[in-house]
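Enquirer: Quick one, what's the 3D model for this:
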Amino acid sequence: MNSPSGDRTVSSQRWGTALLGGAAAIFAGILYTGTLAPTVLPYGAPDTLDSPMLQTEVSVLGVGHPTGYPTYMMLTHLFTYLPIGDPAYRVNLASAVYGVAAVLLMYLAGLRLARRAVAAAAGSLAFGLSGAFWSQALIAEVYTFEALLVALVIFVLLVWRDRRDGRYVLLCSFLVGLSLTHHLTSILLIPAALAFVFLTDGRVFSRTGLMLKGVGLFLLGLLPLLYLPIRALMHAPLNEADPSTPWRFLLLVTGGSFLAESSEKGRNCSPSSLALSDASTKAGVFGEHLLGQFPVILVVVGVLAAFYLLFTDRATAALLGVLLFGCFVQAAVYLQLGIEDFYVFLIPAFLSFGLCISAGLGVLLRVVERPMIGSTAGAALVVAL
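Expert: The predicted structure is shown next:
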């Protein structure tokens, strides 16, 4: 039997863990709302080019630019009914709310990797306060919602590994399908999730019934895509790509219309200064965005943790590694094309690296807690981190 004092200790630890996660989310929320864009954003600036379009399209339930973002459109439209600010501010606010939810889910995922609340909070806040993510939490954009979906998929996979309940595999299948209705970068979740499940327990793939249900739920998650042709046929006030025919619908959701539009702009407009830059300049810009998101000490911890996971937890290393390197390749391609805001495509990679930071700090804290390390040295190490 558990003693009353033992029960109280466990209960207080749970409360402390919950309060720390809540404090991290609230802290991020205060920062995001305190720096939130107050109204309509300028159309001409490269960093906010899509924001005024999204603010308008969300307000009237329109059809957005490629890839349409139907789930984002429908969910964010609910924010336009809030009795605060103007409609543009409410759409900006949605990005902040999605950002806070992503930070909280990162904390929960990091907790399962690090097994230490302080480490999980540090990793989630390191990501939440990174320049790339914070900038997207202040304006009408799709990337904080993308981070929310990616963090949710990772969290569900980690819960499945701990509990080995097939229902979490099914939930993951649905969420991956839903993520694909929002942003094409989420296609990386398919190989990442499959590798994680295979390396954790490959026998899952021999359960035919579970696999068939998973495919069905994946397809169910794609249903929001129907919003696009339906709203086009309803003559939505703003309809950028008009996906009212099967071919135009396919072009929109695969990004084909974006490539065609970019090609047309390239013929009619002068190339950007980034597009005209040489390879060394582009490499410098890419490296600046990669290394400028986290404090140096946390970059070191995250890199060391990535190697640690590679040897001790191959499933997690595969899950995070596919997202990291897949996003690197995608961002590098957009950089090569001269797209100014290429760095936003790195946000899922930064999320994965934030989880590496949590895992690394968790290992360090477990080392500090060993009796052989003096309390003074341990406290100094924790403060330094």
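Enquirer: contacts, neighbours, all on C-alpha from now
Expert: OK.
Enquirer: so how far is Val103 from the residue most central in space within the chain?
Expert: Centroid-nearest residue in the chain: Ala147, 1.6 Å away (criterion: Cα atoms, centre = their mean). Plainly put, Ala147 is 9 Å away from Val103 if you go by Cα to Cα, to the nearest Å.
Enquirer: got any residues that touch both of these two?
Expert: Residues touching both Ala147 and Val103 by Cα atoms under 8 Å, 6 or more residues apart in numbering: none at all.
Enquirer: related to what we said a few turns ago, any idea which helix or strand carries the residue nearest to the centre of the chain?
Expert: Element membership for Ala147, per DSSP states H and E: helix 143-163.
Enquirer: Can you tell me what sits against that helix?
Expert: In contact with helix 143-163 (Cα under 8 Å, 6+ apart) are residues 72, 95-96, 98-99, 101-103, 105-106, 108-109, 112, 133, 136-137, 166, 168-169, 171-172, 175-176, 179, 182-183, 186, 189, 193, 196-197, 200, 344, 347-348, 351.
Enquirer: after it comes which helix or strand?
Expert: Assigned by DSSP H and E, the successor of helix 143-163 is helix 166-180.
Enquirer: in that following helix, what counts as buried?
Expert: Within helix 166-180, the residues that count as buried by 16 or more other Cα atoms under 10 Å are 166, 168-180.
Enquirer: Make JSON lines out of these and add pLDDT and distance to Gly34.
Expert: Below are the buried residues of helix 166-180 laid out as JSON lines (pLDDT from 0 to 100; distance: Cα to Cα, whole Å):
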{"residue": "Gly166", "pLDDT": "95", "distance to Gly34": "42"}
{"residue": "Tyr168", "pLDDT": "97", "distance to Gly34": "36"}
{"residue": "Val169", "pLDDT": "97", "distance to Gly34": "38"}
{"residue": "Leu170", "pLDDT": "98", "distance to Gly34": "38"}
{"residue": "Leu171", "pLDDT": "98", "distance to Gly34": "35"}
{"residue": "Cys172", "pLDDT": "98", "distance to Gly34": "34"}
{"residue": "Ser173", "pLDDT": "98", "distance to Gly34": "36"}
{"residue": "Phe174", "pLDDT": "98", "distance to Gly34": "34"}
{"residue": "Leu175", "pLDDT": "98", "distance to Gly34": "31"}
{"residue": "Val176", "pLDDT": "98", "distance to Gly34": "32"}
{"residue": "Gly177", "pLDDT": "97", "distance to Gly34": "34"}
{"residue": "Leu178", "pLDDT": "97", "distance to Gly34": "31"}
{"residue": "Ser179", "pLDDT": "97", "distance to Gly34": "29"}
{"residue": "Leu180", "pLDDT": "96", "distance to Gly34": "31"}
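Enquirer: can you tell me which of those residues lies nearest to Gly292?
Expert: Distance to Gly292, by Cα to Cα, is smallest for Ser179 among these, at 27.5 Å.
Enquirer: Check whether the closest one really touches Ser186, as I assumed.
Expert: Yes: using Cα atoms under 8 Å, Ser179 makes contact with Ser186 at a distance of 5.9 Å.
Enquirer: Sort out for me which of the contacts of helix 143-163 are in helices.
Expert: Among the contacts of helix 143-163, DSSP state H puts 72, 95-96, 98-99, 101-103, 105-106, 108-109, 112, 133, 136, 166, 168-169, 171-172, 175-176, 179, 189, 193, 196-197, 200, 347-348, 351 in helices.
Enquirer: Stretch 196-210: how far from the chain's middle?
Expert: Its chain's C-alpha centre and that of stretch 196-210 lie 25 Å apart, by Cα atoms, centre = their mean, to the nearest Å.
Enquirer: shift numbering so it begins at 29
Expert: Renumbered: residue one is now 29, and that last one reads stretch 224-238.
Enquirer: got a list of contacts for it?
Expert: Contacts for stretch 224-238 (Cα under 8 Å, 6+ apart): 185, 189, 194, 198, 239, 342-344, 346-347.
Enquirer: make it 10 Å
Expert: For stretch 224-238, contacts defined as Cα atoms under 10 Å, 6 or more residues apart in numbering pick out 182, 185-186, 188-189, 192, 194-195, 197-198, 218-219, 221-223, 239, 242, 244, 341-348.
Enquirer: For the residue nearest to the centre of the chain, report the pLDDT, please.
Expert: On pLDDT, Ala175 comes in at 98.
Enquirer: any idea how far Phe155 is from it?
Expert: 10 Å.
Enquirer: Which neighbours do the two have in common?
Expert: With contacts defined as Cα under 10 Å, 6+ apart, the residues adjacent to both Ala175 and Phe155 are 130-131, 134, 161, 375-376, 378-379.
Enquirer: for those residues, which one is nearest Glu397?
Expert: Closest approach to Glu397 among these (Cα to Cα): Met134, at 23.8 Å.
Enquirer: lowest average confidence, helix or strand, in the chain?
Expert: One helix or strand of the chain scores below all others by mean pLDDT, DSSP states H and E: helix 403-412, with a mean of 47.
Enquirer: which helix of this structure spans the most residues?
Expert: Identified as the longest helix of the chain according to DSSP H is helix 32-62.
Enquirer: Give the other helices and strands that that one contacts.
Expert: Judged by 3 or more Cα pairs under 10 Å, 6 or more residues apart in numbering; DSSP states H and E, helix 32-62 is in contact with helix 115-142, helix 145-156, helix 159-164.
Enquirer: pLDDT averaged over that helix, what's the number?
Expert: Mean predicted confidence for helix 32-62 is 85.
Enquirer: for it, which positions count as buried?
Expert: By 16+ other Cα under 10 Å, the buried positions in helix 32-62 come out as 45, 48-50, 52-53, 56-57, 59-61.
Enquirer: which ones are touching the residue nearest to Leu266 when sequence neighbours are not counted?
Expert: Nearest residue to Leu266, sequence neighbours excluded (Cα to Cα, 6 or more residues apart in numbering): Gly90, at 4.8 Å. Residues counted as contacts of Gly90 (Cα under 10 Å, 6+ apart) are 81-82, 84, 96, 98, 101-102, 105, 255-256, 259-260, 262-268.
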